[in-house]
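# everything below, folded, please.
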Amino acid sequence: MKGLFNIAKGLLGLLALGALAIALVLTFRGLQREAKPASQAFQSPIETLTLPPYPPPATPTPQPTPRPTSTRPPEPPTRTPTPTFTPAPPTSTPEPLPTLVPGLQTFLYATTGERGPEIYRVQLDSTTSIIASSVYRVDTPVLWRSRVYFEGLHPSPDGRQVAISWVYGEGGTFVSILNVNDGTLTSLFGEKAAIDQRAEFLDWSPKGDRILVLGGIDNPDLGGKAWLVDPDTGQYTPVDISQASDARQITSASFSPDGQAIVYAKSDCYQCGSEIWRISVGQQGGKQLLLQDPVVRVEDVLWSPDGRYIAFTQWRETAEFATGELWIMDSQGDARRFLSPVTTSYYKRFMPVWSPDSRNIAFVLGEEPQSGTQVNEPSFNVYIMDVSTGETRQLTHFQNIRVFEPIFSPDGSKVAFVVTISGMPGQFEPWVVAVDGRGLRRFDERASLILNTRSASPAIAWLPEFSPGGER
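From the prediction side, this is the model:
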C-alpha cells in the first residue's frame, strides 16, 4: 500500500513540473510580443535584403501593326566629284566650212580626242576615195572637255541635217542639229528655250520636219515622255505613248515610211519581258499591240523603207559580249520570222540596218575564239541577209577583231562599218566593202582615219546625196 502511495506521489510531482514548464513557455512568448526591438548589438550578422514593393503588373497597351515600307536599293558608292552640271548642249565654232561639192557622196565620222569632240565631213568619189575633207570642232566648257562625247549621228532623210546625240559624263543626253553644209550646230529646242533640254533621240519623221525624242528620266520639263520636235523652230508636242509609265521602259521607236504611224518597243528589264506597240500619229485611240513576250527584251525596232516589214532584235543577256536574235514581222505584227543570231559589244546598241531597197539587212555576228587565240578576243564580222530568200552572205573575215555599226551607202552598193585597231584600245577605223564581199578596205588608203573615242562608242553616218544649193 505504501508503494502505491509513493508512485502516485511521484506522478503528481511530474504533472506539477509539466504544468510549471508550460506556464513558463506561455509567459516567455507573451513577453516577446510586448518587448521592444532588440538593439543593434544583438541583431543577426546576416543581413536580410528587403526588396521594395512592386506595383501590380500593368495591362500591356496593344501596339499598332507597322505599315509595310518599300526597300530602297543601296546607295551607289561615293563618286569622285564632277564639274557642276549645266543643262545646255555644246555649240559649234563659228568658222565657216567649205561648201559641199554637188553630186558627191558625203560621209561623217565623229572622234573624241584631247581637243574635245570633232566631226569630220568627208566627200567621196565613185570609188569611195576621199577627195575633200573638213572638220567641225565643237566648243565645250573647259571643265567638261574630257567628259563630252558622241553617242550617235542620225542623218535626216534629205541629208541636209544630222541629229547628234551627246552625253555629258553623268549629266545626261542632249540632241543637237548639225547643218551639214555650213557646219552650224544648234540646240534641238532652240538656244533661247527656257527648258531642261536633256532628251534621247529616237527617230526622224520621213519628211525630216520632226524628230521623235524621249525626255530625260529626271527632266522636270519633258517629264520622261515622248515628244515630236520641229528642228527648225524648236516647237514640241507630246506623243501619246501611254503604255509606258517610265521613260526607261522605251527601248526604241521608228516612224512608218508614210509618217502616219510609230512603232516602239518597251521593256522593264532583261528577263522581264517586252511589248511592241503601234500607234497612229495625230489620232487618239489608234493603238495596237503587235508583240508581247514574257521573257526576252526587245531593244530595237525599225520599219523597212518600203513599209512592208518591221525588223526587231531580242536579247536575254546584258554581258559585254551579248548574243541576240534578229526577227522580222509584217506591219500588223503577223508573219513573224527568225532571221539570224546577232551580236553586240562594248554595250553598243544594235539597230537592224535595212538596205535602201528593203531587200537586205546588214548585221554583225561574233564567233567564239578559235583554238590558240585569246579567250577575250572573239571574231566579229559583217553579214547581210536577203529577207525574201533567207540567203546570208559573210562580207568580212576578220580574226580577233571587233566590228560594229554597219550602214549602207545611199545607193545600197556598199556597207561601211567600224573596226577596232589591234593593240590600241579605244581607237577604231572606218572601213567599207561592197555588198558582194569585194573591195574590202579602209576608207582612204593614203591615211588611216583613227576614231579615238576614249570612253565613247564610235559614230559614223553615210548621208543621202543632195545638191546643197538646190533640189536633191
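# what are the contacting residues of the helix or strand harbouring V175?
Taking DSSP states H and E as the definition, one finds V175 inside strand 173-179. Strand 173-179 has contacts (Cβ atoms under 8 Å, 6 or more residues apart in numbering) with 89-90, 92, 119, 136, 151, 160-168, 184-188, 197-201, 211, 213, 216, 231. Using the backbone N, CA and C atoms, a C-beta is placed for each residue, glycine as well.
# so of those, which ones are in helices?
Judged by DSSP state H, helices contain none of these.
# before we move on, the earlier item: can I get the strand holding V175 in CSV? Just the C-alpha atoms.
Extracted C-alpha coordinates of strand 173-179, given in CSV (Å, rounded to 0.1, in the frame of the first residue of the first chain):
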residue,chain,number,x,y,z
THR,A,173,22.0,63.1,-123.0
PHE,A,174,21.3,66.0,-125.4
VAL,A,175,20.3,66.3,-129.1
SER,A,176,21.8,69.0,-131.3
ILE,A,177,21.1,69.7,-135.0
LEU,A,178,24.1,70.0,-137.4
ASN,A,179,23.8,71.8,-140.7
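# for that strand, which positions count as buried?
The neighbour-count check on strand 173-179 (16 or more other Cβ atoms under 10 Å) flags 173-178 as buried.
# ok, then the element right after the helix or strand containing I328?
Assessed by DSSP H and E, I328 sits inside strand 322-330. Downstream of strand 322-330, the next assigned helix or strand under DSSP H and E is strand 337-344.
# return the alpha-carbon coordinates of that next one using PDB.
C-alpha atoms of strand 337-344 as PDB (Å, rounded to 0.1, in the frame of the first residue of the first chain):
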ATOM      1  CA  ARG A 337      10.100  35.100-138.800                       C
ATOM      2  CA  PHE A 338      13.500  34.400-137.200                       C
ATOM      3  CA  LEU A 339      16.400  35.600-139.400                       C
ATOM      4  CA  SER A 340      19.700  35.200-137.600                       C
ATOM      5  CA  PRO A 341      21.600  35.400-134.400                       C
ATOM      6  CA  VAL A 342      23.200  38.900-133.900                       C
ATOM      7  CA  THR A 343      25.900  40.200-131.700                       C
ATOM      8  CA  THR A 344      26.700  43.500-130.000                       C
END
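# so what strands line up beside that strand?
Next to strand 337-344 in the sheet, as set by DSSP bridges, lie strand 322-330 (antiparallel).
# need the contact partners of the partner strand.
If you take Cβ under 8 Å, 6+ apart as the criterion, strand 322-330 is touched by 290-291, 299, 308-317, 335-345, 350, 352, 361, 363, 366, 385, 387.
# show me the contacts of strand 173-179 that map onto strands.
Judged by DSSP state E, the subset of the contacts of strand 173-179 located in strands is 92, 119, 136, 151, 161-168, 185-187, 199-201, 211, 213.
# the residue lying closest to T128 once chain neighbours are set aside and E367, how far apart?
Once flanking residues are discounted, T128 sits nearest to V432: 5.5 Å by Cβ to Cβ, 6 or more residues apart in numbering. From V432 over to E367 the distance is 22 Å, taken as Cβ to Cβ, to the nearest Å.
# the more surrounded of these two?
Shown here are V432 and E367; by other Cβ atoms under 10 Å, V432 has more neighbours (20 against 12).
# how many residues are close by D436?
11.
# can you give me the neighbour number for S388?
The number of residues packed near S388 is 9, by other Cβ under 10 Å.
# so it versus G208, what's the distance?
Look at S388 and G208: by Cβ to Cβ, they are 29 Å apart.
# what's the answer for I279, then?
From I279 across to G208, the span is 20 Å (Cβ to Cβ).
# for W315, same thing?
Look at W315 and G208: by Cβ to Cβ, they are 31 Å apart.
# now the buried residues of strand 173-179 in JSON lines, with distance to T251 and pLDDT?
Shown next, in JSON lines, are the buried residues of strand 173-179 (distance: Cβ to Cβ, whole Å; pLDDT from 0 to 100):
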{"residue": "T173", "distance to T251": "15", "pLDDT": "85"}
{"residue": "F174", "distance to T251": "20", "pLDDT": "88"}
{"residue": "V175", "distance to T251": "17", "pLDDT": "92"}
{"residue": "S176", "distance to T251": "23", "pLDDT": "91"}
{"residue": "I177", "distance to T251": "24", "pLDDT": "92"}
{"residue": "L178", "distance to T251": "25", "pLDDT": "90"}
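# what's across from N452 in the sheet?
Applying DSSP bridges, one finds that N452 bridges with Q427.
# just checking, it touches G426?
Yes - using Cβ atoms under 8 Å, N452 is in contact with G426, at 6.6 Å.
# for G366, see how far away the residue nearest to G190 when sequence neighbours are not counted is.
Nearest in space to G190, with sequence neighbours left out and distances taken as Cβ to Cβ, 6+ apart, is G234 at 3.4 Å. Distance of G234 to G366, computed by Cβ to Cβ: 41 Å.
# what of F189?
Distance, F189 to G366, using Cβ to Cβ: 39 Å.
# those two: which has the busier surroundings?
Shown here are F189 and G366; by other Cβ under 10 Å, F189 has more neighbours (26 against 20).
# report the contact partners of that one.
195, 197, 229, 234, 236.
# distance of it relative to G152?
18 Å.
# listing partners with orientation, what would you give for the helix or strand F404 falls within?
Using DSSP H and E, F404 sits within strand 403-408. Neighbouring strands of strand 403-408 in its sheet, by DSSP bridges, are strand 414-420 (antiparallel).
# would you map the strands across the stretch 351-472 of the chain?
With DSSP state E, counting those that start in this stretch as the criterion, the stretch 351-472 of the chain has strands at 353-354, 360-367, 379-386, 392-394, 403-408, 414-420, 427-434, 441-442, 451-452, 459-463.
# now for the fourth one, which elements pack on it?
Spelled out, that is strand 392-394. Counting contacts by 3 or more Cβ pairs under 8 Å, 6 or more residues apart in numbering; DSSP states H and E, strand 392-394 packs against strand 379-386.
# and the strand it packs on with strand 337-344, angle?
Counting by axes from the mean of the first three to the mean of the last three Cα atoms, to 10 degrees, strand 379-386 lies at 150 degrees to strand 337-344.
# now tabulate the buried residues of strand 173-179 in JSON lines and tack on distance to D268.
Converted to JSON lines, the buried residues of strand 173-179 look like this (distance: Cβ to Cβ, whole Å):
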{"residue": "T173", "distance to D268": "20"}
{"residue": "F174", "distance to D268": "25"}
{"residue": "V175", "distance to D268": "25"}
{"residue": "S176", "distance to D268": "30"}
{"residue": "I177", "distance to D268": "32"}
{"residue": "L178", "distance to D268": "34"}
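# residue contacts, R359?
Residues in contact with R359 (Cβ under 8 Å, 6+ apart) are 386-388.
# how about the residues you listed in CSV, adding distance to D221 and pLDDT?
Formatted as CSV, the contacts of R359 follow (distance: Cβ to Cβ, whole Å; pLDDT from 0 to 100):
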residue, distance to D221, pLDDT
D386, 46, 95
V387, 41, 94
S388, 46, 92
